[in-house]
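Novice: I would like the atomic coordinates for the input below:
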Amino acid sequence: MTNLRLQKRLASAVLHCGKRKVWLDPNETTEIGNANSRQQVRRLVKDGLIIRKPVIVHSRARCRKNAEARRKGRHTGPGKRKGTANARMPAKVVWMRRMRVLRRLLKKYRKEKKIDKHLYHQLYLKCKGNTFKNKRVLMEYIHKKKAERQRAKDIQEQTEARRAKNRARRAAKEFNKKQRQVEYLKLSDQH
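Specialist: Numbering: from 1, shown residues only. Modelled structure (predicted):
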């Protein structure tokens, strides 16, 4: 058995791979042993006496299966946890995500003219003050506030209408009174 260390080294350089990936034909050791230049090694590669072995498969099938199970909530009990709850999912990250969601909603509503800038500012500060735990709660609050404002506006309009009506009635009453007085004076002058 001839020593083919040189040939293996040259082949790995020619094939651009490691020495462990080079396969030398065990039946043609003498011919391979005669090759002492890269040119000759290239010719042997072309002839199929030296081959680059395929990449060893590193299967992710088990890993994928495990990840799928974890998405369902398996393998995540107390025995599988190493870090604290805050290390696993930092409270700051949770807070940042929540703030971004709420602020994005506020900006969208302001842009669509669903809320005015005053209500926007009020709600922005309330979000910062941890009043709303999620988007749904904030949306419910906005609808409630808008309904309240509308109700107040309607009541004010009704009050204004009532006042205007009363004013008109009072003016008509005054006018009628004056008319009667004028008529009475006319009658009294005739007698």
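
Novice: Okay, residue 71 and residue 82: tell me how far apart.
Specialist: 20 Å (Cβ to Cβ, to the nearest Å). (Each C-beta comes from the backbone N, C-alpha and C, glycine too.)

Novice: Sorry, wrong one. I was asking about residue 114.
Specialist: On the measure of Cβ to Cβ, residue 114 and residue 82 end up 46 Å apart.

Novice: Tell me which of residue 71 and residue 82 has more neighbours.
Specialist: When residue 71 and residue 82 are compared for neighbours, residue 71 comes out ahead with 9 against 6, by other Cβ atoms under 10 Å.

Novice: Model confidence for residue 142, exactly?
Specialist: Listed pLDDT for residue 142 reads 96.

Novice: Can you tell me which helices and strands the host helix or strand of it packs against?
Specialist: Using DSSP states H and E, residue 142 sits in helix 135-190. Secondary-structure packing of helix 135-190 (3 or more Cβ pairs under 8 Å, 6 or more residues apart in numbering; DSSP states H and E): helix 91-111, helix 117-128.

Novice: how about these in a markdown table, adding distance to residue 158, mean pLDDT and mean neighbour count?
Specialist: Converted to a markdown table, those look like this (distance: least, Cβ to Cβ, whole Å; pLDDT from 0 to 100; neighbours: other Cβ atoms under 10 Å):
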| stretch | distance to residue 158 | mean pLDDT | mean neighbour count |
| --- | --- | --- | --- |
| helix 91-111 | 28 | 98 | 13 |
| helix 117-128 | 23 | 97 | 14 |
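
Novice: I'd like those helices as a markdown table, with distance to residue 165 appended.
Specialist: Output for the helices and strands packed on helix 135-190, formatted as a markdown table (distance: least, Cβ to Cβ, whole Å):
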| stretch | distance to residue 165 |
| --- | --- |
| helix 91-111 | 37 |
| helix 117-128 | 32 |
